[in-house]
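J.: give me a 3D structure for the following:
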Amino acid sequence: MSYSVGQVAGFAGVTVRTLHHYDAIGLLVPSERNRAGHRRYSDGDLDRLQQILFYRELGFPLEEVAALLDDPAADPRAHLRRQHELLTARIEQLQKMAAAVQNAMEARKMGINLTPEERFEVFGDKDPEQYAEEAEARWGDTEAYAESQRRAATYTKEDWKRIQAEVDDWGRRYAALVAAGEQPSGEAAMDLAEEHRQHISSYYFEVPYEMHRCFGEMYVSDERFKAFYDAMGPGVAEHLRDAILANADRQTS
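T.: Residues are numbered from 1 along each chain as shown. This next block holds a predicted model:
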C-alpha cells in the first residue's frame, strides 16, 4: 500500500509544500515514485512522518529531528519513550499555566478599573483580588496573562456587569442540565462546555482545546475551583470536566 503526497498531507494535517520540503532536505524521502515521477509514501514513511510531527510539535528544529531519527543507536521504542516523557512534561506545564491564569480570570483581577463600590456592585461578596497576586507571581510574563490584562483594562462597570450576568446565566443553565440527568457526552452538555470556552476566549484570552482540557481537570483537582463550580449545583465540577473533555474530542477529532 502506498499513498500520494496529497493523501499523506490530508492524513497528517500538513501541507503538500511541507512534504516537498521534508523530501528536499532528506528528512522524509518517499520510498517510491510512480512512472510519472510522483511521490508515493509507504506505511513506514507515515510512521517516520508521525515521529517528525511529534518532535516538531514539541519545538525541535528540523536539523535536530533528523539527527534524532537517524541515530543508529535509537530504536522506535526509545523514540516513543522519549516523546512520552516530553509530552508529559509539556502537559504538566500547560496545567500549571492554565491553573494560574484561570485563577486570575475567576478572581476578576485582570486590570479591573472599578471603584470599591462598583466592584461590590458587580461581584457582590466575592473578592476579585483573591488569586491575583498568586497568578501574577507565577504567570505574569505569559502572553495569555498579558492579553487578559490588556482586555480587562478596557472594560467599564457595565461591561463587567454584563460578563458577570453571562457567567451567572451559564451557571444556572449548566446546573439545571446536571440536575436533569443529562450525560456529559450529550450534545447539550458539550454545547455548554463550548460556550464556557468561548466565553473565556471572548473576554480574556484565546483558549485552545488543549488548554481547555487542562482547565477541566483543574476544576476537579483544585479544591477552590471545585467548590466554585459545585456551588452552582451538586456534581457540577466533575460533570463539567467530563463535558469539556468530550467537547474537545468532538471538536478535534
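
J.: can you give me the helices for the stretch 1-150 of the chain?
T.: Along the stretch 1-150 of the chain, the stretches classed as helices by DSSP state H, counting those that start in this stretch are 5-12, 16-24, 43-57, 62-69, 76-107, 116-123, 132-139, 143-152.

J.: how about the last one: buried residues?
T.: In terms of neighbour count (16 or more other Cβ atoms under 10 Å), helix 143-152 has its buried residues at 144, 145, 148, 149, 151, 152. Just so you know, the C-beta spots here come from the backbone N, C-alpha and C atoms, and that holds for glycine as well.

J.: just to revisit the earlier point, looking at the helices of the stretch 1-150 of the chain, which is closest to residue 234?
T.: Set against residue 234 and scored by Cβ to Cβ, the helices of the stretch 1-150 of the chain come closest in helix 76-107, at 19.9 Å.

J.: for that closest one, what does the pLDDT average out to?
T.: The average pLDDT for helix 76-107 rounds to 71.

J.: repeat that for stretch 206-225.
T.: Average pLDDT, stretch 206-225: 90.

J.: output the below-cut-off pLDDT ranges for the stretch 51-200 of the chain.
T.: The model of the stretch 51-200 of the chain has pLDDT under 70 over residues 74-76, 97, 99-142.

J.: in stretch 59-76, what's buried?
T.: 60, 65, 66, 68, 69.

J.: same list, the buried residues of helix 143-152, but as CSV with distance to residue 53 please.
T.: Output for the buried residues of helix 143-152, formatted as CSV (distance: Cβ to Cβ, whole Å):
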residue, distance to residue 53
144, 24
145, 29
148, 31
149, 34
151, 33
152, 36
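
J.: quick one: residue 69 and residue 52 touch, right?
T.: Yes: using Cβ atoms under 8 Å, residue 69 makes contact with residue 52 at a distance of 7.1 Å.

J.: which neighbours do these two have in common?
T.: Residues touching both residue 69 and residue 52 (Cβ atoms under 8 Å, 6 or more residues apart in numbering) are residue 27.

J.: in stretch 191-202, what's buried?
T.: For stretch 191-202, burial by neighbour count (16+ other Cβ under 10 Å) applies to 192, 193, 194, 196, 197, 199, 200.

J.: nearest to residue 48 among the residues you listed?
T.: Set against residue 48, the nearest of those by Cβ to Cβ is residue 197 (34.2 Å).

J.: would you map the strands across the stretch 101-250 of the chain?
T.: In the stretch 101-250 of the chain, no segments count as strands under DSSP state E, counting those that start in this stretch.

J.: who are the contact partners of the nearest residue to residue 22 once chain neighbours are set aside?
T.: Nearest non-adjacent residue to residue 22, counting by Cβ to Cβ, 6 or more residues apart in numbering: residue 28, 3.9 Å away. Applying Cβ under 8 Å, 6+ apart, we find residue 28 in contact with 19, 22, 45, 48, 49, 52.

J.: let's have the residues you listed in TSV, adding distance to residue 8.
T.: Formatted as TSV, the contacts of residue 28 follow (distance: Cβ to Cβ, whole Å):
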residue	distance to residue 8
19	6
22	10
45	8
48	11
49	7
52	12
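
J.: and the residues you listed, which two are the farthest apart?
T.: 19 and 48 (11.7 Å).
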